[in-house]
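K.L.:
Predicted coordinates and the sequence they were generated for:
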Amino acid sequence: MRRGEVCALRWSDRSDDGTITVSHALGNGPGGFYVKEPKTSSSLRTIPLTRRTFDMLRLVRADAVRIANEFALPFGDPYILGTQEEKSRPYNPTQLGKDFAAFCKMNGFKCTFHDLRHTFATMMIAGGCDVRTVASYLGHASVSMTLDIYADVDPEAKRAAVSKVEESFGAEMSGYGNAIMDSVIGTPKRREPALSFSVDQLKAMLAAAEEKEARHGRL
């Protein structure tokens, strides 16, 4: 997800089926940040969460609801990364980028927050996921946009994709493929089993052949 999309998430965007829906984004303007529609119509999307992320968010929300109940405060529908109150204030996307940069510097990482988005896409493609699915998760306007960005990102992924195609043909069309090859190069003829003789039999045949040859020589 983009920074503005992450910061615009509210608890209502999280579903009990283990998904989260991108329905808004935060933009920066002269007067500060503001809520806006997603970047494109394709940016409006539902993303499945890992089990660990889903459980973590469930615990965070339960804790926020517990605190609100203790102080008899209405909970409403706060931003997930914002203040946990009825009139919630969101996390500034620009500040999120700065805080992540500070975190990376402290821990020896060399990446930006947006690099996490690229890493996700790269890992999906390398894992054999089809580009259309990757594009839908990223919210790209077209599959060609995803291909333009990630076409040369992982040569090994390309080889793995070709291997999967080859495996698919091998599993589903091996019979048909063999039939075609037989029609082109012909089916190998069956060899007759080799004859076997004992040493004594070979000596007897050799003696008979020599006697026959000598007899023809005398004639």
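P.N.:
Arrived safely.

K.L.:
sec struct for Gly47, please.
P.N.:
I think there's a mix-up here, since residue 47 is Ile and not Gly. strand (DSSP: H, G, I helix; E, B strand; the rest coil).

K.L.:
I'd say it and Leu138 touch.
P.N.:
No - if you go by CB atoms under 8 Å, Ile47 and Leu138 don't touch, sitting 9.4 Å apart. In this view, the C-beta of every residue, glycine as well, is placed from N, C-alpha and C.

K.L.:
Which of these two has more residues huddled nearby?
P.N.:
Leu138 (23 against 16; other CB atoms under 10 Å).

K.L.:
How about Cys111, nearest residue that isn't a chain neighbour?
P.N.:
In this structure, Cys111 finds its nearest non-sequential neighbour in Cys104, 6.1 Å apart by CB to CB, 6 or more residues apart in numbering.

K.L.:
Could you report the pLDDT at the one you found?
P.N.:
What the model reports for Cys104 is a pLDDT of 96.

K.L.:
ok, so what distance separates it from Thr112?
P.N.:
Between Cys104 and Thr112 the distance is 8 Å, computed by CB to CB, to the nearest Å.

K.L.:
Show me the beta-bridge partners of Ile47.
P.N.:
Under DSSP bridges, the beta-bridge partners of Ile47 are Ile20.

K.L.:
Quick check: it vs Gly139, distance?
P.N.:
Relative to Gly139, and taking CB to CB, Ile47 is found at 9 Å.

K.L.:
now do Cys7
P.N.:
Counting by CB to CB, the gap from Cys7 to Gly139 is 15 Å.

K.L.:
Got the domain ranges for the protein?
P.N.:
What the record gives for the chain is the domain set 1-109, 111-185, from automatic domain parsing.

K.L.:
If you average pLDDT over each of those, which is lowest?
P.N.:
Across the domains of the chain, the stretch with the lowest average pLDDT is domain 111-185; it has a mean of 72.
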